[in-house]
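J.: sharing a model that was predicted from the sequence below.
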Amino acid sequence: MASIIWTIVKILIAIDLVSLALLWILLKWRKVSVYRTRFGLTLVFDSVDAEGDEIRLLNVGGTFQSICYTGRREDKKDGAQESEAPLVSDGKDDPRFEPVCAYHQYFAEVIDMLGPGQRGGADVLDRAFVIGGGGYSFPKWLVAHCPAAHVDVAEIDPKVVGIAHKHFYLRELEARFHAEETGRLDTHVTDGWKYLQESDQRWKVIVNDAFRAKKPLGELKGAEGARCVHRHLEPDGVYMANLLCPREGKGSEPLRQVVEAFSAEFEHAYLFPEWPDDPTRGGANAFVACDEELPIAKSYRLK
């Protein structure tokens, strides 16, 4: 009996190995790069958006964490063949450094409100801290569009930092702006919450773009997190966070906790929903907290 069981085990192991080998071959054939990172199996692959622009995606442990443009576009004529026409410019509007996600676009709009007369904020922003590097989608925009800004990034996984350099054009950003060489972009390979707690610095902008699987924000969603963020913001500073959850119903508890904690700590709070017409649908909702009122429409105001 033991020999029969052992034979069955060996057969099952062989089937598993063959299945894994076939999966690996399929992924390579589809030009999917596979890595093992701190939070699970990590995939990097290209797709095309509705406008025909090629995008690159980072999926960690089954959750999409970063998207960027590649600077190439699909030509839908003649059998939808990819056009190799260069779309990359020499200026700050290089599409590889532009935000794809709506919540990052909202973040960029809010930063523009922080200048004199509540406009032109990107030109005068001096210090920003981003918790969660991933594919560096928003740090790249900050470096490209905020010429005076020193950008600190806390990314806990060194492998993810390497992936950003190799696949998400962080290397090209450095070549264009010499941001790491000059200190304009400073990556801290550590836990963002820990770094914030231990830091004696203040920033004009703090961005929380870190989440683990479907658990957004971690320690920064409660009252202690709100107080810590407030201490490290300049008096006219702004905190922005990606709330990856529904606004109502099952799974919306993190949003309720964040809104409650930060509304108690700050004078003003705003929310830009990804799906305004469907509050029960999970999405990347842009949350903003600050002490100075911003010129944002009333429909987005929470406090």
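T.: Structure's in. What do you need? Residues are numbered from 1 along each chain as shown.
J.: contacts and neighbour counts: CA atoms only from here.
T.: Will do.
J.: may I ask which helix or strand of this structure has the lowest mean pLDDT?
T.: In the chain, the helix or strand scored least confidently by mean pLDDT, DSSP states H and E is helix 2-29, which has a mean of 44.
J.: how far is the following helix or strand past that helix from where the chain is centred?
T.: Scanning forward in sequence from helix 2-29 by DSSP states H and E, the next helix or strand is strand 33-37. Offset of strand 33-37 from its chain centre (CA atoms, centre = their mean, to the nearest Å): 18 Å.
J.: tell me which other helices or strands strand 33-37 touches.
T.: strand 40-48 (3 or more CA pairs under 8 Å, 6 or more residues apart in numbering; DSSP states H and E).
J.: in the strand it packs on, which residues are buried?
T.: Buried residues in strand 40-48, counted by 16 or more other CA atoms under 10 Å: 42-46.
J.: would CSV of those residues with pLDDT and distance to residue 231 be doable?
T.: Converted to CSV, these look like this (pLDDT from 0 to 100; distance: CA to CA, whole Å):
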residue, pLDDT, distance to residue 231
42, 90, 35
43, 91, 37
44, 93, 37
45, 90, 39
46, 91, 40
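J.: put the alpha carbons of whichever strand or helix holds residue 71 into CSV.
T.: Residue 71 is part of strand 63-74 when elements are defined by DSSP H and E. The C-alpha trace of strand 63-74 is given here as CSV (Å, rounded to 0.1, in the frame of the first residue of the first chain):
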residue,chain,number,x,y,z
THR,A,63,-3.6,43.1,-7.2
PHE,A,64,-2.7,45.7,-9.8
GLN,A,65,-0.4,48.2,-8.2
SER,A,66,1.1,50.3,-11.0
ILE,A,67,0.3,51.3,-14.5
CYS,A,68,2.3,53.5,-16.9
TYR,A,69,2.4,54.4,-20.6
THR,A,70,5.2,52.9,-22.7
GLY,A,71,5.2,55.7,-25.3
ARG,A,72,4.0,53.3,-28.0
ARG,A,73,0.6,53.2,-29.6
GLU,A,74,-1.4,50.6,-31.4
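J.: can you pull the buried residues of it?
T.: Across strand 63-74, burial judged by 16+ other CA under 10 Å covers 65-74.
J.: at which residues are the helices of the stretch 201-303 of the chain located?
T.: Taking DSSP state H, counting those that start in this stretch as the criterion, the stretch 201-303 of the chain carries its helices at 223-231, 253-265.
J.: so what touches the last one?
T.: Counting contacts by CA atoms under 8 Å, 6 or more residues apart in numbering, the residues outside helix 253-265 that touch it are 216, 221-223, 226-227, 230, 243, 245-247, 269, 289, 302-303.
J.: which of those residues count as buried?
T.: When these are checked for burial by 16+ other CA under 10 Å, the buried set is 216, 221-223, 226-227, 230, 243, 245-247, 269, 289, 303.
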